[in-house]
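S.K.: sequence plus the predicted model coming up.
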Amino acid sequence: MSQSAVHLTSDSPQRPVCAQTDALIDGLRQGRAADVHQAALAVLECADPDRKLVLTAQLLAAVIQGEWRVDMQSSVSPGPELPGRPAKPLLVPPRQLKQRKLGSVPGRAALLHAVAHIEFNAINLALDAVQRFRGLPMAYYADWLSVAADEARHFAMIRDRLGELGYAYGDFPAHDGLWRTAQATADHPRSRMALVPRLLEARGLDVTPAMIERLRAVDDQRSADCLQIILDEEIRHVALGSYWFGYLCAQEDRDPTREFMRLLQSRAPGVLRLPFNEAARRLAGFSDAELRALTSLASAEANP
């Protein structure tokens, strides 16, 4: 269905654009062989982090050069049960992860390791959004390919900073909550847009400013600067989720705020946490009415 056919309103979230996504769209229009979904799947299944970074860059270059095309038949691919990922870090339940103080180098390294793990998973989530859901506009695939490239750059940046502190990705345990959410939203792109960028990534907008201030308080400006870059760029990622969620709701004449609340309550009860970074969330496509509804739901869940 074309974008003009879904009746987006003037107050719907706007789709962020950039030169890279424009170049990706042009490349997809000229795609010559095979399809971009299988190409993204091949990168998703790569387990070696260094190789995955290289393959992600190569995938974008190939798309821009007109190598890959979009499958215009609407469908949902089963995709892999698990993405490609290294043997380490050890994955444990979130409650088993230790809380460490940032006053020590190991404490700061543990925080950065958690961020690196999020960014590595975010590469896989963006690639999965490309390979799993077929028949969407070319701009959708361009957007999530560009997000995969951003997440790859973020992962490399944080991993380099870990190295400067004497640690490596895999040195600390981590949890698998992000990919579990991908599994839980594999049935429809609307649920994926709601619960990955608009729930999990939006949570990053809420908590990262405090992390930056804590790092600055212990004179780790280098790490704080890395997180600031991620925070600034994640606003676009969440905004893309807001746009495509609204687009997909409009396809079925669903009210986006009601549908978002329905998905939160049915698929992610108790996950919302206050306070919200309302300024960043507004930039990322959350309306005032939506923020009020989210605040009410989060308060109710915190105080049943």
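M.R.: Yep, it's here. Numbering: from 1, shown residues only.
S.K.: CA atoms for contacts and neighbours, from now on please.
M.R.: Will do.
S.K.: buried ones in the host helix or strand of Tyr243?
M.R.: Here Tyr243 is covered by helix 221-251, with elements defined by DSSP states H and E. For helix 221-251, burial by neighbour count (16 or more other CA atoms under 10 Å) applies to 223-224, 226-228, 230-231, 234-251.
S.K.: how far out from the middle of the chain is it?
M.R.: In this view, helix 221-251 has its centroid 7 Å away from the chain centroid, taken as CA atoms, centre = their mean, to the nearest Å.
S.K.: from the contact counts, what lies against it?
M.R.: Helices and strands touching helix 221-251, by 3 or more CA pairs under 8 Å, 6 or more residues apart in numbering; DSSP states H and E, are helix 138-164, helix 189-195, helix 202-217, helix 256-267, helix 278-283.
S.K.: count the neighbours of the closest residue to Ala224 other than its chain neighbours for me.
M.R.: Counting by CA to CA, 6 or more residues apart in numbering, Ile212 is the residue found nearest to Ala224 once chain neighbours are left out, at 4.8 Å. Using other CA atoms under 10 Å, Ile212 has 19 neighbouring residues.
S.K.: okay, Ile212 and Ala289: tell me how far apart.
M.R.: For Ile212, the distance to Ala289 equals 29 Å [CA to CA, to the nearest Å].
S.K.: just Glu45 next, same as before
M.R.: From Glu45 over to Ala289 (counting by CA to CA), the distance is 40 Å.
S.K.: please apply the same query to Phe120.
M.R.: Applying CA to CA, the value for Phe120 to Ala289 is 33 Å.
S.K.: those two - which one has more neighbours?
M.R.: Remark: of Phe120 and Ala289, Phe120 carries more neighbours, 24 against 10, as counted by other CA under 10 Å.
S.K.: can I get stretch 30-43 in CSV, CA atoms only?
M.R.: Coordinates of each C-alpha in stretch 30-43 appear next as CSV, following Å, rounded to 0.1, in the frame of the first residue of the first chain:
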residue,chain,number,x,y,z
GLN,A,30,17.2,0.3,-8.9
GLY,A,31,17.7,-3.1,-7.2
ARG,A,32,18.9,-5.7,-9.8
ALA,A,33,19.0,-9.1,-8.2
ALA,A,34,17.8,-11.3,-5.3
ASP,A,35,16.3,-9.3,-2.5
VAL,A,36,17.4,-7.1,0.4
HIS,A,37,15.6,-9.3,3.0
GLN,A,38,17.9,-12.3,2.3
ALA,A,39,20.9,-10.0,2.3
ALA,A,40,19.9,-8.6,5.7
LEU,A,41,19.3,-12.1,7.0
ALA,A,42,22.8,-13.1,6.1
VAL,A,43,24.3,-10.3,8.2
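S.K.: other residues contacting that stretch?
M.R.: Outside stretch 30-43, the residues within contact range by CA atoms under 8 Å, 6 or more residues apart in numbering are 52, 55-56, 59, 63, 66-71, 79, 127-128, 130-132, 134.
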